[in-house]
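Visitor: One predicted model, sequence on top.
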Amino acid sequence: MKIAITTIQAPFVSGGAEFLAENLKQALIQEKHEAEIVTIPFMDSTPEMIENHIIASRLFALGQSWAGNIDLNIALKFPAYYIPHPNKVVWALHQHRAAYDLFDTEYSNLKDNPDGNYIRKVISNADCCYLPEAKRIYTIAENVKKRMQKYNNIHARTLYHPCPDMEKFYCKDYQNYILMPSRINITKRQMLALEAMCHTKSDIQLYIVGKADNVLERTKMLDFIKKQKLQKKVRYFDFVTQEQKFELYANAKAVLFIPLDEDYGYITLEAMAASKAVITAKDSGGPLEFVIDNKTGFVAEADAKAIAEKIDELADSDAQAAEMGKKAKKHLMQMDISWANVVKELTKP
């Protein structure tokens with residue numbers, strides 16, 4: 001089949017969504033399909049333009065290409081999943097969360113916008129109207145599925161996929177540091193992790209790895225480290241190679257991943273693939289679908305002192321960290337998450 005994967009692209013921004021689209025393309029090709037990623041530009045920093053983006057998506061004609069008919073459209077992200085096609089399957093990474101669960105929080109740029117309520121209604125109406133055009137709707141995680149059911153009364157099925165290079169993660173040692181690998185962003189809550197390090201009693205270090213989404217977030221984090229005199233307890237890696245990333249996972253005591261209501265979260269799977277326990281929070285969303293409290297990691301209150309206690313607990317016991325890590329790897333393997341399963345499900349008649 002000729003398959004078009006439709007998604008969005010924010011200029012000069014690349015992350016998990018882009019990895020997913022590219023890995024899906026390669027998995028489809030591996031199964032002898034012809035596949036291409038079709039992106040449309042999208043920026044939500046100007047909320048007033050969102051309605052225009054929706055209209056533009058509806059104006060695309062994707063049924064044919066210069067290479068002939070497109071047999072199947074796999075749609076991934078808002079508003080690209082509105083693009084019409086007679087044989088469309090939606091595999092939603094997430095909806096436009098600023099109009100839904102994040103609307104009344106500091107993470108939404110719609111709440112204080114004069115037209116915020118109108119834009120929110122436009123998005124909700126579009127989701128309710130155009131998503132059901134698809135012959136099947138999937139989401140990448142239970143967390144995304146539940147939001148779609150709650151806000152739009154749309155039923156979807158969860159379809160998990162592997163993190164990039166999942167087979168390349170390995171376990172080497174359990175050294176005296178907790179790894180926190182994620183882009184520096186307010187929703188990933190590096191600041192909460194730093195507050196937790198102010199309360200730890202052990203000598204364990206926190207390694208923060210990731211590019212900042214903007215200069216303000218990076219400056220805020222580094223200023224806090226300096227002000228609280230955390231230089232000996234926290235190390236920040238602005239950039240690491242893939243090989244360095246694998247090694248950091250391999251030698252970590254455990255992995256800290258405490259985002260706010262994450263959609264899915266590759267970091268959880270990366271940690272489990274590397275046989276590392278995961279410390280997450282009760283409101284972290286996606287990671288809770290994988291972390292079993294007190295078995296493959298810890299699920300703590302989203303509170304600095306509570307998180308510090310879990311860090312210290314693993315810091316004080318290499319045996320516990322290793323045992324939890326082994327159970328995490330076993331649990332991941334038992335879930336049988338593979339691209340072959342994803343392709344089989346998305347391309348079935």
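Guide: Alright, I've got the coordinates.

Visitor: Break down the stretch 101-250 of the chain into its strands, ranges please.
Guide: With strands called from DSSP state E, counting those that start in this stretch, the stretch 101-250 of the chain shows them at 136-139, 157-158, 177-181, 205-209, 234-237.

Visitor: Take those strands and lay them out in a markdown table including mean neighbour count and mean pLDDT.
Guide: The C-beta positions use only the backbone N, C-alpha and C, and glycine is treated the same way. Listed next are the strands of the stretch 101-250 of the chain as a markdown table, based on neighbours: other CB atoms under 10 Å; pLDDT from 0 to 100:
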| stretch | mean neighbour count | mean pLDDT |
| --- | --- | --- |
| strand 136-139 | 20 | 98 |
| strand 157-158 | 13 | 96 |
| strand 177-181 | 24 | 96 |
| strand 205-209 | 21 | 96 |
| strand 234-237 | 17 | 94 |
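
Visitor: and stretch 187-200, which residues are buried?
Guide: 187-190, 192-197, 200 (16 or more other CB atoms under 10 Å).

Visitor: And for stretch 63-77?
Guide: Within stretch 63-77, the residues scored as buried using 16+ other CB under 10 Å are 70-77.

Visitor: for stretch 310-324, same thing?
Guide: For stretch 310-324, a neighbour-count test (16+ other CB under 10 Å) marks 310-312, 314-315, 320-322, 324 as buried.

Visitor: Nearest to residue 217, out of those: which one, please.
Guide: residue 311 (22.2 Å; CB to CB).

Visitor: so the closest one sits right up against residue 202, yeah?
Guide: Yes: between residue 311 and residue 202 there is a contact under CB atoms under 8 Å: 7.3 Å.

Visitor: Mind listing the shared neighbours of these two?
Guide: When CB atoms under 8 Å, 6 or more residues apart in numbering defines a contact, no residue borders residue 311 and residue 202 alike.

Visitor: Among the buried residues of stretch 187-200, which ones are in helices?
Guide: If you go by DSSP state H, the buried residues of stretch 187-200 have 190, 192-197 in helices.

Visitor: Using a markdown table, lay out the residues you listed together with pLDDT.
Guide: Converted to a markdown table, those look like this (pLDDT from 0 to 100):
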| residue | pLDDT |
| --- | --- |
| 190 | 96 |
| 192 | 96 |
| 193 | 97 |
| 194 | 97 |
| 195 | 97 |
| 196 | 97 |
| 197 | 96 |
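
Visitor: and the residues you listed as a markdown table, adding distance to residue 283?
Guide: As requested, those are exported to a markdown table (distance: CB to CB, whole Å):
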| residue | distance to residue 283 |
| --- | --- |
| 190 | 16 |
| 192 | 11 |
| 193 | 15 |
| 194 | 18 |
| 195 | 16 |
| 196 | 15 |
| 197 | 20 |
